[in-house]
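Chemist: Just to be clear, the model below is a prediction. Sequence and coordinates:
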Amino acid sequence: MTNSPEKPENRRQREEEILQNLTLLDDTFMAVCFSQFTDALQHVLQIILDKPDLKVVKAERKKPFMDLDDGSLCVQAWAVEPSGHRYLIGVQTDTHGASPRRARLSLSSMIHETLSEDEFADENLDTWMIFLTSKDVFETGLPVNHLGLRVRETGEILDLGYGTIYFNASYRGDDSYGRLAHDLCCPDPDQMYCAALAAPVRYFKTTEKGKQEMLSVLKEQSEEERQEAILASQLKVAASLLRRGTMTLEEIEDITNLPGERLLELQEELPEQF
């Protein structure tokens, strides 16, 4: 017995329910909100970096700063202080994990993809990767944890002009950090402390234009994830057949629907088998 197709009105209701439950800790929702409402992103960065005069001059959503086909999105921002000191900042959630090694890879990839050698050496430019995490990753009980380098023998912290920050959104202290953490976890804009953070959430959840735009992005991401899953399955089957060595590339191409060029690349990735 086949399942009957979902009625459009039922699908729309289901999508609306998903949308209404999203928070700023959901990567796609966060990326869309912060890239279009830079005042909201600016508020977050001012608190986490403890720089109340920081001004966001540009923000854009993009794929993570590494080759992870997990469908996640993040935000990259340029900001500046009144002194002229500049910042390149990446913001991600822990939707797909936030281990220190992943954080290190994210930071180094962002630097490699975005900065020239001269910019990287510029003492007037700092680079930060910020993870907004739903849990206290390091179990310190603190709202903010900085990852950086120090001299082991002396304990001296090195100012390298770059680093990683974890913001613990489970923190509930009676301070600016606690209010920010609450707002990041809150699905209802009317229950948020900060008007700047509530504005994008309200727009994308209550206005017809905003809802259509957000649902469109979510659908595109869902389709992309589906296509990536199909490709991963095709590659897995092709790799298994290549290892067996009982079929020609043409036969494997016919079975997996992968182009011959991709099969040759895959074959080179498995040199020990050939």
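Modeler: Yep, it's here.
Chemist: What pLDDT is listed against Q227?
Modeler: For Q227, the pLDDT comes out at 67.
Chemist: Hmm, G173 and H182 touching each other?
Modeler: No - if you go by Cβ atoms under 8 Å, H182 and G173 don't touch, sitting 10.1 Å apart. C-betas here are computed from N, CA, C, even on glycine.
Chemist: Please say which of these two ends up with more neighbours.
Modeler: Counted by other Cβ atoms under 10 Å, H182 and G173 do not tie: H182 has more neighbours, with 17 against 12.
Chemist: now the more buried one: how far from E250?
Modeler: 59 Å (Cβ to Cβ, to the nearest Å).
Chemist: now swap in L160 and tell me
Modeler: On the measure of Cβ to Cβ, L160 and E250 end up 53 Å apart.
Chemist: all strands for this protein, in order.
Modeler: 55-62, 74-80, 86-93, 125-133, 144-147, 162-168 (DSSP state E).
Chemist: how about those strands in CSV, adding mean neighbour count and mean pLDDT?
Modeler: Shown next, in CSV, are these (neighbours: other Cβ atoms under 10 Å; pLDDT from 0 to 100):
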stretch, mean neighbour count, mean pLDDT
strand 55-62, 16, 94
strand 74-80, 22, 95
strand 86-93, 23, 94
strand 125-133, 23, 94
strand 144-147, 15, 94
strand 162-168, 21, 94
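Chemist: Any idea which of the ones you listed gets closest to M214?
Modeler: strand 55-62 (12.0 Å; Cβ to Cβ).
Chemist: Other residues contacting that closest one?
Modeler: 31-32, 34-35, 38-39, 41-42, 45, 73-82 (Cβ atoms under 8 Å, 6 or more residues apart in numbering).
Chemist: Parallel or antiparallel, list what pairs with that strand.
Modeler: Within its sheet, and counting by DSSP bridges, strand 55-62 is paired with strand 74-80 (antiparallel).
Chemist: Between strand 86-93 and the strand it pairs with, find me the angle.
Modeler: 160 degrees (axes from the mean of the first three to the mean of the last three Cα atoms, to 10 degrees).
Chemist: quick one: strand 74-80 to strand 125-133, angle?
Modeler: Using the same axes, to 10 degrees: strand 74-80 against strand 125-133 is 140 degrees.
Chemist: Quick check: which ranges of the stretch 101-250 of the chain have low pLDDT?
Modeler: Scanning the stretch 101-250 of the chain for pLDDT under 70 picks out 222-229.
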